[in-house]
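quick one: sequence plus predicted model below, questions after.
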Amino acid sequence: MSSDLHWTSVQNGLLLSGFFWGYLVGNFPGGILASRYGGRPILLGSMSLQIGLTLLSPLAARSGIYYFFFVRFLLGVVQGPLYPACQTILSRWLRSDERSRGNSMFDSGSYLSTAVSLGFGTKIMNALGSWSMMYYGCGVVCLLFLLVAFLRVESFPGEVEELEGEQAEEEVVDHAAEMRAALVTTTVSINRQNNKVVVVSNLAKGLFPWRELLLRKSIVAAIAGPTSINWSIYMFLTYLPLYAEQQLGLNSTDMGPLFVTPYVLSWIIGVLNSFLADYFIRSQLMSITNVRKLMQMVACLVMSAALLLLGSTSRSHVPVLLCFAIVAGGGITASGSTAVPMDLSIKYAGFIKGVANSIGTLGGALNPILVGFLLSTGGCPSEDLMGKNKTEALVEAHTKGCKGAWTQAFTIAAVISVAGGVTFLLLGSSVPIVLKEEKEEEEEEEEEEEQRAPLRSC
């Protein structure tokens, strides 16, 4: 695509960053909306807009670089609410000892789709001779997922339940107590006029307690952990094809196994690892906080070691190191820091996830620009030269300066990964936070319960 449209490395980096700038903007309001209105409407709206913009992308790219940047930016904005919406849904459906599996199955699914699109999508694109087909294919697949989500996804388990009579009231109150003990939130209200007990899922109302939430150490750690990992993940997503072509001498038809294998392994190991994490929590062998820290540190150390070795290893070892790095970042962290928003607050899980993703996406926005600058100043060939004269371009790619630029990019990513891991280790916690407003709500519920107790005994 870049060679066909004659984009330079700097222009390519700018265009790649366009999506992430939009994604950075979209996560924050997406988290607020999901916490207020539930995950389902936000999820369906986000997916619908993504389909339209994806199908529009080829026309925008051929119309000009600025049109394509704008469409990529908008695509990032509308995709931003996706993760906060799903985190909101999972937090209300899953117990504390199920969240690693739920988060991993959702999160690692994105890496499986990456493997499919990079592997099979590349073959289809080459067979049809048009990069536009990648966009149209992704749009159609997203439409199928939208239909499944519309038919199967609900924001809450038992959104509204109505029962009559005093016995029904006691059953619902007992059921709500069990759900609270399992960290599944509900609010019990009693309509005295109709003699009905109504159970509704808890949503955020009124002004958001910004200061009370964002100044907590546990939330700072929940932001730092994913941010440090995302830097490397976004770097691989945007620059792995270029690295494979320049440094490994692979063409687009030979890149399939290199792309597919790490992401498929990330999906498999991520899901298997989540069973282990939930087993530790369910059996009480470790606290939830320690499970999250263990998974995050394992991911951080494995990824950092692989990144540092990538800059100096021989060509034959690159696929193995890429597997380690991507599996660690994409699979293991799903049971680590990325699951923490659900642990900290069910009511505000979407909001916390939105803030964490907004800040974490800075890596996706800044990384392509920084890496593009390093490659340009290091004497690496441009995308345009790779398309016009690949032999000459590969000679430039194997100069000391170009290899050093790639090493610098990997080293910076490793340092950021370690910094985020240490921050999460020192400040991280999965102990549910109790805000001032929630304390007041609990006190009011206790008072109502005390008032109802004498009536039950009569």
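It's in. These numbers were taken from a predicted model, which means no experiment stands behind them.

output the below-cut-off pLDDT ranges for the stretch 201-350 of the chain.
201-207, 250-259, 311-317, 319-320, 323-324, 327-330 (pLDDT under 70).

what about the helices in it?
210-214, 217-247, 256-282, 288-310, 318-330, 340-344, 349-360 (DSSP state H, counting those that start in this stretch).

what's the third one packed up against?
Under the contact criterion of 3 or more CB pairs under 8 Å, 6 or more residues apart in numbering; DSSP states H and E, the helices and strands touching helix 256-282 comprise helix 99-128, helix 217-247, helix 288-310, helix 318-330. Where you see a C-beta, it was placed from the backbone N, CA and C, and this is true even at glycine.

which residue, neighbours along the chain excluded, lies closest to Leu375?
Ala405 (5.1 Å; CB to CB, 6 or more residues apart in numbering).

pLDDT on the helix or strand containing that neighbour, on average?
Using DSSP states H and E, Ala405 maps to helix 400-427. Helix 400-427 comes out with an average pLDDT of 90.

one more: stretch 37-57?
Rounded mean pLDDT across stretch 37-57 is 92.

list the buried ones in that stretch?
By neighbour count on 16 or more other CB atoms under 10 Å, the buried set for stretch 37-57 is 37-40, 42-43, 46-47, 49-51, 53-57.

next structured bit after the strand or helix carrying Ala60?
Using DSSP H and E, Ala60 sits within helix 39-63. Sequence order places helix 65-79 as the next helix or strand after helix 39-63, per DSSP H and E.

for that following helix, packing partners?
Helix 65-79 packs on helix 9-37, helix 39-63, going by 3+ CB pairs under 8 Å, 6+ apart.

check contacts around the closest residue to Ile281 other than its chain neighbours.
Using CB to CB, 6+ apart and skipping the chain neighbours, the partner closest in space to Ile281 is Asp97 (4.6 Å). Neighbouring residues of Asp97 by CB atoms under 8 Å, 6 or more residues apart in numbering: 278, 281-282.

follow-up on the earlier one: run a quick neighbour tally on the residue nearest to Leu375.
When neighbours are counted by other CB atoms under 10 Å, Ala405 registers 20.

Val291 touches Phe280, doesn't it?
Yes - counting by CB atoms under 8 Å, Val291 touches Phe280, with 4.9 Å between them.

who's more crowded, the two?
Comparing Val291 with Phe280 by other CB under 10 Å, the one with more neighbours is Val291, at 24 against 20.

where does the stretch 1-150 of the chain have low pLDDT?
Scanning the stretch 1-150 of the chain for pLDDT under 70 picks out the ranges 1-4, 6, 9-10, 118-122, 128.

now do 80
Across the stretch 1-150 of the chain, the ranges flagged by pLDDT under 80 are 1-14, 16-17, 108-131.

and the gap between Arg62 and Gln50?
Distance of Arg62 to Gln50, given as CB to CB, to the nearest Å: 20 Å.

before we move on, what about Ser218?
For Ser218 relative to Gln50 (CB to CB), the value is 32 Å.

which ones are touching Cys300?
Contacts of Cys300 by CB under 8 Å, 6+ apart are 228-229, 328, 417-418, 420-421, 424.

put together a markdown table for these, with neighbour count and distance to Leu147 on each row.
Putting the contacts of Cys300 into a markdown table (neighbours: other CB atoms under 10 Å; distance: CB to CB, whole Å) gives the following:
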| residue | neighbour count | distance to Leu147 |
| --- | --- | --- |
| Ser228 | 30 | 36 |
| Ile229 | 30 | 32 |
| Ala328 | 28 | 34 |
| Ser417 | 29 | 38 |
| Val418 | 18 | 43 |
| Gly420 | 25 | 37 |
| Gly421 | 27 | 40 |
| Phe424 | 30 | 38 |
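
from the residues you listed, which two are the most distant?
Ala328 and Phe424 (14.2 Å; CB to CB).

backbone dihedrals for the residue nearest to Ile281, please?
Dihedral angles of Asp97 (phi, psi; degrees, to the nearest 10) stand at phi -90, psi 10.

what sits closest to Pro341 if chain neighbours are left out?
Counting by CB to CB, 6+ apart, the residue nearest Pro341 is Ile352, at 4.0 Å.

and that neighbour, how many neighbours?
When neighbours are counted by other CB under 10 Å, Ile352 comes out with 28.

please shift the residue numbers so they start at 27 in all later answers.
Sounds good: first residue 27 from here, last item Ile378.

from Ala60, how far out is it?
For Ile378 relative to Ala60 (CB to CB), the value is 11 Å.

what does Ala175 give?
From Ala175 across to Ala60, the span is 14 Å (CB to CB).

who's more crowded, these two?
Remark: of Ala175 and Ala60, Ala60 carries more neighbours, 34 against 15, as counted by other CB under 10 Å.

contacts only, for the more buried one.
68, 107, 110-111, 113-114, 376-377, 380.

what does Arg127 give?
By CB under 8 Å, 6+ apart, the neighbours of Arg127 are 297, 300-301, 304.

hmm, back to that, could I get the helices of the stretch 227-376 of the chain as CSV with distance to Asn393?
Output for those, formatted as CSV (distance: least, CB to CB, whole Å):
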stretch, distance to Asn393
helix 236-240, 24
helix 243-273, 5
helix 282-308, 18
helix 314-336, 13
helix 344-356, 13
helix 366-370, 23
helix 375-386, 11
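
now for those, which one comes closest to Ser43?
Counting by CB to CB, Ser43 lies closest to helix 243-273 out of the helices of the stretch 227-376 of the chain; the figure is 8.3 Å.

give the buried residues for the closest one.
Buried-residue list, helix 243-273, by 16+ other CB under 10 Å: 244-273.

same question for stretch 401-408.
401-402, 404, 406-408.

turn those into CSV, columns for distance to Leu388, pLDDT and secondary structure.
Shown next, in CSV, are these (distance: CB to CB, whole Å; pLDDT from 0 to 100; DSSP: H, G, I helix; E, B strand; the rest coil):
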residue, distance to Leu388, pLDDT, secondary structure
Leu401, 20, 84, helix
Ser402, 21, 83, helix
Gly404, 23, 82, coil
Cys406, 24, 80, coil
Pro407, 28, 77, coil
Ser408, 26, 67, coil
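
now for the closest residue to Glu238 other than its chain neighbours: which residues touch it?
Closest residue to Glu238 apart from its sequence neighbours, by CB to CB, 6+ apart: Leu461 at 5.5 Å. Each residue near Leu461 by CB under 8 Å, 6+ apart is listed here: 235, 238-239, 371.

which residue ranges make up each domain of the chain?
28-181+233-462, 186-232+463-483 (automatic domain parsing).

would you mind finding the most buried of those domains?
Stretch with highest mean neighbour count among these: domain 28-181+233-462 (a mean of 20; mean count of other CB atoms under 10 Å).

run the chain-centre distance for it.
6 Å (CA atoms, centre = their mean, to the nearest Å).
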